[in-house]
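Visitor: Predicted model and sequence below, questions to follow.
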Amino acid sequence: MAMSDKIEEKLYQNRYRVDEGCPHVRIDASKVPSEQLKAMVDICPAGCYVEGENGKVEVVPDGCMECGTCRIVCQETGELEWAYPRGGYGILFKFG
Amino acid sequence: MAEHFDVIIVGAGMAGNAASYTLAKAGLNVLQIERGEYPGSKNVQGAILYANAVEQIIPGFRDDAPLERHVIEQRMWMLDDRSYVGSHFRSENFNEEKPNRYTIIRAQFDKWFNRQARDAGAMVICETTVLDLIRNDAGKVVGVRCDREGGEVYAEVVILCDGVNALVGQRSGIRSEISPEHAALAVKEMHFLPREVINERFNVRDDEGVVIEALGTVTSGMLGTGFLYTNGESISLGIGCIVSDFVETKIGPAKLLERFKAHPSIAPLIRGSEVKEYAAHLIPEGGYNAVPQLYGAGWLICGDAAHFLNAAHREGSNLALTSGRLAAETIIALKSEGKAMTEANLALYRQKLEESFVLKDLKKYKDLPHTLWRNKQFVTTYPELMAKAAENFFRVDGVDKLTKEKDIVRSFRKARGVLGLVGDAVKVARAWR
Ligand SMILES: Cc1cc2nc3c(=O)[nH]c(=O)nc-3n(C[C@H](O)[C@H](O)[C@H](O)COP(=O)(O)OP(=O)(O)OC[C@H]3O[C@@H](n4cnc5c(N)ncnc54)[C@H](O)[C@@H]3O)c2cc1C
Ligand code: SF4
């Protein structure tokens, strides 16, 4: 089983309230992906980052746990626009 | 929401609830703002709760706070791929009338704690994210802006208890960004098992708990630790390493967690469990040197947002609780003397922190995070060597004991060299002093 499938299985346990059409993490697609951004494909704990065929990195933050790791890893490259989801949206830990 | 408050508190985690409860109980007009659906819905912890810090705020908390088990046994394990060597400390003294440490579930504990603040008179608004601080012409903070229509609220002073990402302080320019070397990323799962099964596996009675901290090859050469804590009917299991190490190794934290779960010393403890949640969170581990400016005109900063975390002892919630309480007590003292919330007057907060264990402990270990980060052998090579040495020592195979001892010494020397060993001893001693 591929690693991303494993993560998906894990995220399946979690509760989310997704803010449709309002992603809280965005990538500035005009830039060439930095090493830091590429690293997120491997280290985002929710597997939100994927590398496309064209070498571009894409983010789908639906399963995001709002840890902030990608935010601090990419802070210097300026590629990420990162905010907390609107109040009440996003991950809702039952236990934490 | 055009009302004017005495104090606005951002966040309803450990620090925010401690501040909110203390201020409301003293009769101040408090507004607390939390972005989660309910207090605790965004929060992740191991989680060990240190009773003393809560007792200072709510002496009778044991009567109705949601507590899982009190800790009677602490295990420290050093793992290599197939074995562990370590210590277990268990004492009947921990079965005291008012136990010292408990395991908790944050989503439940935070909800309960916030209810106490509300009952004491604090006004709490959830599902609302604070975006930044509002200042007057003189630069003094006079309120916050929220992500709601007309979401500007005003107060004499704002306490920032918004946790490790500390976005409000950063975006308002009062603190700098946390660096990847100063933060650990932890992932955690909740494994459910019947109470009797946990009791049996960990050799405890109802309400007695065991905590395990693990170092070694499970972090794949990165600076970090794994943990396993027993709750009433579940086990909290997780692992965390420094973010910059993750970037370097490109090993996914989820993969690390899977390996930890599969380790022969961990797997039997969670066998047959049902996993009900997977969580991730950062931990501020830069220590004293990463602590930002703590107060200014009209604002104070507490808990993880202030980088108050003692990584050497895995304490954070108690520093958050204590700093939240001290921030509240600072404001109560100034108010009662009719003093304004100026930078000079709020300096009292720093003074209170200096006198408490919070800054004393952080200062004591100020070089430790840096020393460990630069010398990963302490958490990687040494645990592995210890495990190998123990195996060599205990295996009865016709080799005489003196030769075994020599082999062990040689293996340590080979891995680190004599100078390396001496240097390492000096480094830890210095950082620990
Ligand atoms: C995996 C893990 C294990 C840990 N284990 C332990 C342990 O065993 N013992 C221990 O003592 N410590 C432990 N810690 C550390 C401990 O969890 C923290 O130190 C503690 O929670 C800090 O409390 P806080 O109130 O500062 O922040 P938090 O508890 O993180 O609370 C911050 C609150 O602010 C809210 N918030 C954030 N931004 C905004 C905004 N803009 N607007 C509105 N609300 C906002 C959040 O939703 C949250 O409720 C652990 C941490 C982790 C991640
Ligand atoms: S915040 Fe954490 S979980 Fe969310 S996308 Fe970034 S790294 Fe992944």
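Guide: The structure has been received and is ready for your questions. Ligands and ions are numbered 1, 2, ... in the order given.
Visitor: How about the secondary structure of the closest residue to ligand 1 within chain A?
Guide: Residue nearest to ligand 1 within chain A: residue A:84 (5.9 Å; CB to the nearest ligand atom). Glycine gets a C-beta too; all of them are placed from N, C-alpha and C. Here residue A:84 is recorded as coil under DSSP: H, G, I helix; E, B strand; the rest coil.
Visitor: That one: how many residues sit nearby?
Guide: Per other CB atoms under 10 Å in any protein chain shown, the neighbour tally for residue A:84 reads 21.
Visitor: For it, give me its contacts.
Guide: For residue A:84, the contacting residues are A:24, A:66, A:90, B:35, B:129, B:165, B:167, by CB atoms under 8 Å, 6 or more residues apart in numbering or on different chains.
Visitor: For residue A:68, see how far away it is.
Guide: The span separating residue A:84 from residue A:68 equals 9 Å under the rule CB to CB, to the nearest Å.
Visitor: Give the residues shared as contacts by the two.
Guide: Common neighbours of residue A:84 and residue A:68 (CB under 8 Å, 6+ apart) are residue B:165.
Visitor: Need the per-residue pLDDT for the nearest residue to residue B:379 once chain neighbours are set aside.
Guide: Leaving out its chain neighbours, the residue that sits closest to residue B:379 by CB to CB, 6 or more residues apart in numbering or on different chains is residue B:215, at 5.0 Å. At residue B:215, the model reports a pLDDT of 90.
Visitor: Can you report how many residues neighbour the residue in chain A that chain B sits nearest to?
Guide: With CB to the nearest CB, the shortest gap between chain A and chain B falls at residue A:88, namely 3.2 Å. By the criterion of other CB under 10 Å, residue A:88 has 19 neighbours.
Visitor: Now do the same contact list for the closest residue to it other than its chain neighbours.
Guide: Using CB to CB, 6+ apart and skipping the chain neighbours, the partner closest in space to residue A:88 is residue B:127 (3.2 Å). Counting by CB under 8 Å, 6+ apart, residue B:127 makes contact with A:87, A:88, B:34, B:35, B:36, B:37.
Visitor: swap the cut-off to 6 Å and go again
Guide: By CB atoms under 6 Å, 6 or more residues apart in numbering or on different chains, the contact list for residue B:127 reads A:87, A:88, B:37.
Visitor: For these, give me CSV that also has distance to ligand 2, secondary structure and pLDDT.
Guide: Formatted as CSV, these follow (distance: CB to the nearest ligand atom, whole Å; DSSP: H, G, I helix; E, B strand; the rest coil; pLDDT from 0 to 100):
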residue, distance to ligand 2, secondary structure, pLDDT
A:87, 17, coil, 93
A:88, 17, coil, 92
B:37, 18, coil, 96
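Visitor: which one of these sits closest to residue B:156?
Guide: residue A:87 (23.9 Å; CB to CB).
Visitor: hang on, that closest one packs against residue B:131?
Guide: No - with contact defined as CB atoms under 6 Å, residue A:87 does not reach residue B:131; the gap is 10.2 Å.
Visitor: Find the residues that touch each one of those two.
Guide: Taking CB under 6 Å, 6+ apart as the criterion, residue A:87 and residue B:131 both touch residue B:147.
Visitor: quick one, which of the two is more surrounded?
Guide: Higher neighbour count among residue A:87 and residue B:131: residue A:87, with 21 against 17, using other CB under 10 Å.
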